[in-house]
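> the sequence isn't on hand, but the structure is:
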């Protein structure tokens, strides 16, 4: 009995550290996306018409995704050489500094074109940091856990992403409820970015208290000074990288469709800025439910496998995207909540088992790099471009074309389904392995 308690307590502590740290980093990252949809267009690109200004704001938003693969490579390299824990601390500090800096940025009205340039620099730093965050947080949970319940333990960092979005949306919702639109645009939007300082301190305190991954420590003893994780991933696991990228497409595009694009669609295309509080309320409810169901779905994947759940999610988001925009465009609070809630539940069927799925594809000595590169490279083609492509496909604000966006979502889902079918089932497999190529 004592042995079981001794074994489980550190694991719970590690999972909690992964959850909290991930929530903090993604609070910062998602906050930018929501602010881009709500105010960055007018504050940093005021000389353009509303739709164009929003598109430009999403352009800086997308460039953050471009920096993510670089972050994945750099953090993955050192995470596979010196340890997961150290890289998670560095990524959290980098994200915190960049986000707090955004809260102090002068706008276009104050310093002109330098304002969007500085905004872009901060966004690139955010992308670089979050590029190294996901792989490390997931691996700390996966490599501390056991083979039979890896889906459950690894899903908690994924739930941290939902919690981060919940925190970001919640702060914006409170501000929208207590402030006038003029006050929010003038200074209120800065508050959520500055609050990041408190969250970063909490996240650092928790992460510094956990131990390094035992699987990594065992693998490190066998590594040579010539160990080059990225080159070894390219040589040993090229197929797995492409499969991870394919599986990521529908999941990543769907998430930003159901969150960021929903804000823009309701406030710019189907309604007005007065509907801001309504869509934020729906996202708040959706994030709460998603945070609760992700660990349940992760645990279920330990029983039925990763692939069946992933396939249902990929097909589901394609079908639901055709109903999503009409429900949002109804401007009915109940229907908007339904649209977001069902969308995020379908997304969770892919996102919950994804952490364990990707971790199980790669060997221990290159797992941080392999999982991060596959995950983050796909983000350029998926999450980075999704808002820009969606706005282009929607077209004119007076006569939008949401069906085109649903077709775009469906194409991504087909590619993801193909990738899942080509991947092997990895549930309950051991993480203690490495592939050697002569």
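Everything's here; your move. Remember, it's a predicted structure, so these values are computed and weren't measured experimentally.

> any idea how far the nearest residue to residue 33 once chain neighbours are set aside is from residue 178?
Among residues not flanking residue 33 along the chain, residue 260 sits closest, at 4.6 Å (C-beta to C-beta, 6 or more residues apart in numbering). Bear in mind the C-beta positions are built from the backbone N, C-alpha and C, glycine included. The gap separating residue 260 from residue 178 is 23 Å, by C-beta to C-beta, to the nearest Å.

> those two: which has the busier surroundings?
residue 260 (24 against 10; other C-beta atoms under 10 Å).

> circling back: mind listing what the residue nearest to residue 33 touches?
Contacts for residue 260 (C-beta atoms under 8 Å, 6 or more residues apart in numbering) come out as 33-34, 36-37, 386-387.

> try it again with 6 Å
33, 37, 387 (C-beta atoms under 6 Å, 6 or more residues apart in numbering).

> residue 357 and residue 344: what is the separation?
Distance of residue 357 to residue 344, computed by C-beta to C-beta: 19 Å.

> you'd agree residue 162 is up against residue 291?
Yes - under the criterion of C-beta atoms under 6 Å, residue 162 makes contact with residue 291 at 4.2 Å.

> of the two, which one has the most company?
Comparing residue 162 with residue 291 by other C-beta under 10 Å, the one with more neighbours is residue 162, at 28 against 22.

> now do stretch 116-131: distance to the chain's middle.
Centroid separation between stretch 116-131 and its chain, computed with C-alpha atoms, centre = their mean, to the nearest Å, is 15 Å.

> so residue 314 is in contact with residue 252, correct?
No - look at residue 314 against residue 252 with C-beta under 6 Å: they stay out of range, at 11.6 Å.

> max-length helix in the chain?
Counting residues, the longest helix found in the chain (DSSP state H) is helix 2-35.

> quick one: residues contacting residue 394.
Contacts of residue 394 by C-beta under 6 Å, 6+ apart are 269, 400-401.

> could these go into CSV alongside distance to residue 295, neighbour count and secondary structure?
Formatted as CSV, the contacts of residue 394 follow (distance: C-beta to C-beta, whole Å; neighbours: other C-beta atoms under 10 Å; DSSP: H, G, I helix; E, B strand; the rest coil):
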residue, distance to residue 295, neighbour count, secondary structure
269, 35, 23, helix
400, 37, 20, coil
401, 38, 14, coil
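
> which one of those residues sits closest to residue 215?
Nearest to residue 215 among the contacts of residue 394, counting by C-beta to C-beta, is residue 269 at 48.4 Å.

> tell me the spacing between the closest one and residue 261.
From residue 269 to residue 261 the distance is 10 Å (C-beta to C-beta).

> could you report the neighbour count for residue 325?
For residue 325, the neighbour count with other C-beta under 10 Å is 24.

> just checking, it touches residue 402?
Yes - contact criterion C-beta under 6 Å: residue 325 and residue 402 qualify, at 3.4 Å.

> and the gap between the nearest residue to residue 153 once chain neighbours are set aside and residue 135?
Distances taken as C-beta to C-beta, 6+ apart place residue 145 nearest to residue 153, at 3.8 Å, with adjacent residues excluded. Residue 145 is 16 Å from residue 135, where distance means C-beta to C-beta.

> more neighbours: which of those two?
Set residue 145 next to residue 135 and count neighbours by other C-beta under 10 Å: residue 135 wins out with 34 against 20.

> what's the strand or helix carrying the more buried one packed up against?
Applying DSSP states H and E as the criterion places residue 135 in helix 114-144. Where contact means 3 or more C-beta pairs under 6 Å, 6 or more residues apart in numbering; DSSP states H and E, helix 114-144 is packed against helix 2-35, helix 41-44, helix 50-79, helix 84-104, helix 150-178, helix 367-379.

> let's go with 8 Å and repeat that
helix 2-35, helix 41-44, helix 50-79, helix 84-104, helix 150-178, helix 214-220, helix 333-361, helix 367-379 (3 or more C-beta pairs under 8 Å, 6 or more residues apart in numbering; DSSP states H and E).

> now the last one: mean pLDDT?
Pointing back at helix 367-379 there. Across helix 367-379, pLDDT averages out at 89.

> which other helices and strands does that helix contact?
If you count contacts as 3+ C-beta pairs under 8 Å, 6+ apart, helix 367-379 packs onto helix 50-79, helix 114-144, helix 229-236, helix 238-258, helix 333-361.

> and the third one, what's buried?
In other words, helix 229-236. Under the neighbour-count criterion of 16 or more other C-beta atoms under 10 Å, helix 229-236 has 229-230, 232-233, 236 buried.
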